[in-house]
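> Sequence below, structure please.
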Amino acid sequence: MIVENEAFNLYETLSKKINQPESSFILGIAYDSLKNAKIIQGTLECFDPLDPENKNIRKDLTELAAQISLLGKKIAKINNLDYLISCEILKEAINLEVLLTEVYTNYLKSSSPKIIVDELSETLVVNLNTFKKLIQGFIDEKGKHRETIVETMYLLEAKETEVNRQITPIIKYRNPDAWIHESTIHSFSSTPANTQE
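As a prediction, the model looks like this:
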């Protein structure tokens, strides 16, 4: 499926732009997307049922693939991803995973899985529940991807906080008690001070 291939390209490009260990988490998501693309390609793209629902899903996927490709090209052009840019890109990645979840969920609700299974069952032993579990597995994986991306953002934030802490000058006082003076409250008292006569 082209959208998962584009997601793989996006995540692979992003993983090359950020440091370890965060890059390895993003690369893991990339290879999940590539795996999904291969599974879907081998299972679904052999068939093109003339189902109006399927046409709408394909249209949505084509538009989503174009958006992912555009984001990947923007990332490829950036030489140095600072903390803020990285977080913005990761927020876009979370949105991407949400959109993919919606696409897979809509696909499960459509009549397309039944049509595909009917076609496949002529040559293979496959049933609708097994096929739906496969798609549900993709949906569950997208949820895990979102969690991984959020954790990656927290790691980047922690690193940024540490860097800022290290570059903030630390002021050390030579004599921290020097500002403390003897109290002068007695000088404002209306009662005359007892003096020994």
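> The closest residue in space to Glu12 that isn't next to it in sequence sits in which helix or strand?
Leaving aside its sequence neighbours, Glu12 sits nearest to Ala30 (C-beta to C-beta, 6 or more residues apart in numbering; 4.5 Å). C-betas here are computed from N, CA, C, even on glycine. For Ala30, the host element (DSSP states H and E) is helix 22-43.
> What about the residue nearest to Glu12, how many residues nearby?
Neighbour count of Ala30, defined by other C-beta atoms under 10 Å: 19.
> In contact with it: list those residues for me.
7-8, 10-12, 15 (C-beta atoms under 8 Å, 6 or more residues apart in numbering).
> How about the contacts made by the residue lying closest to Cys87 once chain neighbours are set aside?
Among residues not flanking Cys87 along the chain, Met153 sits closest, at 5.7 Å (C-beta to C-beta, 6+ apart). Going by C-beta under 8 Å, 6+ apart, Met153 touches 87, 90-91.
> Can you tell me the number of residues neighbouring Lys35?
Neighbour tally, Lys35, other C-beta under 10 Å: 14.
> Average pLDDT for the helix ranked longest in the chain, rounded please.
As assigned by DSSP state H, the longest helix anywhere in the chain is helix 128-167. On average, the pLDDT along helix 128-167 is 83.
> For that helix, which residues meet the burial criterion?
Buried positions in helix 128-167, judged by neighbour count with 16 or more other C-beta atoms under 10 Å: 131, 134-135, 138-139, 141-142, 145-146, 148-149, 152-153, 156.
> do the same with stretch 75-84
Neighbour-count burial for stretch 75-84, counted by 16+ other C-beta under 10 Å, picks out 75, 81, 83.
> what sits up against that stretch?
Contacts for stretch 75-84 (C-beta under 8 Å, 6+ apart): 10, 13-14, 17-18, 85, 89, 156-157, 159-160.
> Send me stretch 6-22 as CSV with only the CA atoms.
The C-alpha coordinates for stretch 6-22 follow below in CSV (Å, rounded to 0.1, in the frame of the first residue of the first chain):
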residue,chain,number,x,y,z
GLU,A,6,5.4,6.7,2.2
ALA,A,7,5.2,6.4,6.0
PHE,A,8,8.3,4.2,5.9
ASN,A,9,10.2,6.8,3.8
LEU,A,10,9.1,9.6,6.2
TYR,A,11,10.1,7.8,9.4
GLU,A,12,13.4,6.6,7.9
THR,A,13,14.3,10.2,6.8
LEU,A,14,13.3,11.5,10.2
SER,A,15,15.4,8.8,12.0
LYS,A,16,18.5,10.0,10.1
LYS,A,17,17.9,13.6,11.3
ILE,A,18,17.7,13.0,15.1
ASN,A,19,20.2,11.5,17.6
GLN,A,20,20.2,8.1,19.3
PRO,A,21,18.4,6.6,21.1
GLU,A,22,15.4,8.5,19.7
